[in-house]
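Student: here is the input, now give the coordinates:
(4 chains)
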2 protein chains.
Amino acid sequence: MSLRYALLALLTAEPLTGYDAAKRFGGSVGHVWHAPDSQIYPELRRMEREGLVEGEQVRWGPNSTKTRYSITEAGIRAFRDWMATPLDYAPVRDAVHMRAAYFEWADPDSARECLRRHIDHYTDQIAQWTAVRDAILDLSNDTIATRVRKYPAEDHERIIAFKAFAYDGLIGRGEAEITWARQGLDLLDKLSSV
Amino acid sequence: MSLRYALLALLTAEPLTGYDAAKRFGGSVGHVWHAPDSQIYPELRRMEREGLVEGEQVRWGPNSTKTRYSITEAGIRAFRDWMATPLDYAPVRDAVHMRAAYFEWADPDSARECLRRHIDHYTDQIAQWTAVRDAILDLSNDTIATRVRKYPAEDHERIIAFKAFAYDGLIGRGEAEITWARQGLDLLDKLSSV
DNA sequence: GCTGAATATCTATCTACATAGATATTTGGT
DNA sequence: ACCAAATATCTATGTAGATAGATATTCAGC
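Tutor: So this is what the prediction gives:
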């Protein structure tokens, strides 16, 4: 169901085609909510049926058109309603931590590999998240620049601050993951040195 | 697919009925991998067909039996193989961070509520995780006590250390979430005081 | 002996999501 | 004029998981 709200969130900045939206899910929103295009197109159609968005045919080259969706008043209301609704927490499914709990069944090299990959993964992610956050803060991020242009100047600070805040959360969590994995590597060293 | 390995992990400690396993998914493994019983029973049957576990009928009262599953050699091999296989990282789907990124659409009270619930949720979880970790470390946790009894004394330290390590990871991450949410509350205060 | 909780299992339906295409048009560069 | 890449969309199939039961037996306590 959150895909729907991710789409509405995108559309509060500007009208988009399904293709545009799908691209955003590779970057911006994609950092917090992933979705493949095969989920996006049908969801937009459903949302149109329910009046949350409005599709309009726009020219695309000389012989073709594409559908550009805009958020409707009802869509904005639905988004705000969602914002006021408590989230429920999805049950945990965490393969790395599960595996780590049973590392006595792995040979130490595999265990180390697993943790090193964990560190690499989050190092990588943190680099991306940090880059995006910084680009948001100095408005060199296009998506956010476009968004901000749509709203009065007195809102800009909040808009930017919340986006940066979300990224800070991802970064903080990533750092916790790395710290943990390093502790694991130390633990493996300690246990194998006996 | 990880459900399968969670089950194998459980069965390396002792044979279990589907019902026993389902209960474990409410506690121990459930902290890292959740699954409802409606997934567990069929998965165990599938695993039996594939020779990873072996079901035996054991008496249950005077007029009934139940199926108790034990891990087979093939099951142990499959589990070890999985341990040596790199995990791939599931795409992110994080409703709270997504919502936080668009807090300009929430009224400040709802935003605060959302973050307070986040703090409550993880405070709660951390209390549980900490209790389990401590019970693991002093062997007052039954599941781990049973497990440890099955293996030679020189392995006990590792077995316990890895379980505690996994819980430390959950706790660390939970603390990061709380830190972040508190920052959010501060940010909301700052922005509303303007 | 009765009753309610726990044990043990199975089913059925629905949605979300992953994966892997197919198809057609447009645009930018040689 | 041609070709590759990008744009724009749609479909189909499969699995995982959420949700909500149905059913029968056993066990513990009164």
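Student: for chain A, what lies in contact range of DNA strand C?
Tutor: Residues of chain A lying near DNA strand C by CB under 7 Å from any atom of the strand: A:1-3, A:34-39, A:60-64. In this view, the C-beta of every residue, glycine as well, is placed from N, C-alpha and C.
Student: what subset of these is buried?
Tutor: A:2-3, A:34-35 (16 or more other CB atoms under 10 Å in any protein chain shown).
Student: tell me who's in contact with residue A:56.
Tutor: A:15, A:67-70 (CB atoms under 8 Å, 6 or more residues apart in numbering or on different chains).
Student: hmm, back to that, looking at the residues of chain A next to DNA strand C, which is nearest residue A:24?
Tutor: residue A:35 (9.8 Å; CB to CB).
Student: could you measure from residue A:65 over to DNA strand D?
Tutor: Applying CB to the nearest atom of the strand, to the nearest Å, the value for residue A:65 to DNA strand D is 7 Å.
Student: residue A:134 now?
Tutor: Taking CB to the nearest atom of the strand, one finds residue A:134 at 24 Å from DNA strand D.
Student: next: residue A:159.
Tutor: 25 Å.
Student: per-residue confidence for the residue nearest to the spatial centre of chain A?
Tutor: The residue lying closest to the centre of chain A (CA atoms, centre = their mean) is residue A:32, at 2.0 Å. The score at residue A:32 is 96. That number is its pLDDT.
Student: does the residue lying closest to it once chain neighbours are set aside count as helix, strand or coil?
Tutor: The shortest distance from residue A:32 to any non-neighbouring residue, by CB to CB, 6 or more residues apart in numbering or on different chains, is to residue B:98 (4.1 Å). Following DSSP: H, G, I helix; E, B strand; the rest coil, residue B:98 is assigned to helix.
Student: same check, this time on residue A:88
Tutor: The three-state label given to residue A:88 by three-state DSSP is coil.
Student: next up, phi/psi of it, please.
Tutor: When quoted as degrees, to the nearest 10, the phi and psi of residue A:88 stand at phi -110, psi 150.
Student: what about it, distance to residue B:114?
Tutor: The gap separating residue A:88 from residue B:114 is 12 Å, by CB to CB, to the nearest Å.
Student: neighbour-wise, which of the two wins?
Tutor: Per other CB atoms under 10 Å in any protein chain shown, whichever of residue A:88 and residue B:114 has more neighbours is residue B:114, with 22 against 9.
Student: part of a strand, is that one?
Tutor: No - Residue B:114: not assigned to a strand; according to three-state DSSP it is helix.
Student: mind listing the strands for chain A?
Tutor: Along chain A, counting by DSSP state E, strands occupy A:16-17, A:53-60, A:64-71.
Student: show me what the first one is packed up against.
Tutor: So the one you mean is strand A:16-17. Helices and strands touching strand A:16-17, by 3 or more CB pairs under 8 Å, 6 or more residues apart in numbering or on different chains; DSSP states H and E, are strand A:64-71.
Student: quick check: phi and psi at the residue of chain A found nearest DNA strand C.
Tutor: Residue of chain A nearest DNA strand C, by CB to the nearest atom of the strand: residue A:61 (2.6 Å). Backbone geometry at residue A:61, expressed as degrees, to the nearest 10, gives phi 70, psi -170.
Student: how much space separates it from residue A:44?
Tutor: 21 Å.
Student: from the chain's centroid, how far away is stretch A:152-162?
Tutor: 20 Å (CA atoms, centre = their mean, to the nearest Å).
Student: what of stretch A:150-161?
Tutor: Stretch A:150-161 sits 21 Å away from the centroid of its parent chain (CA atoms, centre = their mean).
Student: do the same with stretch A:130-144
Tutor: With CA atoms, centre = their mean, you get 15 Å for stretch A:130-144.
Student: in it, what counts as buried?
Tutor: In stretch A:130-144, counting by 16+ other CB under 10 Å, buried: A:132-133, A:136, A:141, A:143-144.
Student: that one: end-to-end distance?
Tutor: Its first and final residues considered, stretch A:130-144 spans 15 Å by CA to CA, to the nearest Å.
Student: wait, does it contact chain B?
Tutor: No - judged by CB under 8 Å from any CB of the partner chain, stretch A:130-144 stays clear of chain B, getting no closer than 9.7 Å.
Student: who touches that stretch?
Tutor: Against stretch A:130-144 from outside (CB under 8 Å, 6+ apart): A:13, A:24, A:27-28, A:31, A:145, A:148, A:159-160, A:163-164, A:167-168, A:171.
Student: what's the burial count for residue A:97?
Tutor: Residue A:97 has 22 neighbours, counted by other CB under 10 Å.
Student: quick one: contacts for it?
Tutor: Neighbours of residue A:97 in contact, by CB under 8 Å, 6+ apart: B:32, B:166, B:169-170.
Student: what about residue A:104, distance to chain B?
Tutor: Noted for residue A:104: a distance of 5 Å to chain B, by CB to the nearest CB, to the nearest Å.
Student: my read: that residue touches residue B:160, true?
Tutor: No - with contact defined as CB atoms under 8 Å, residue A:104 does not count as touching residue B:160 (9.4 Å).
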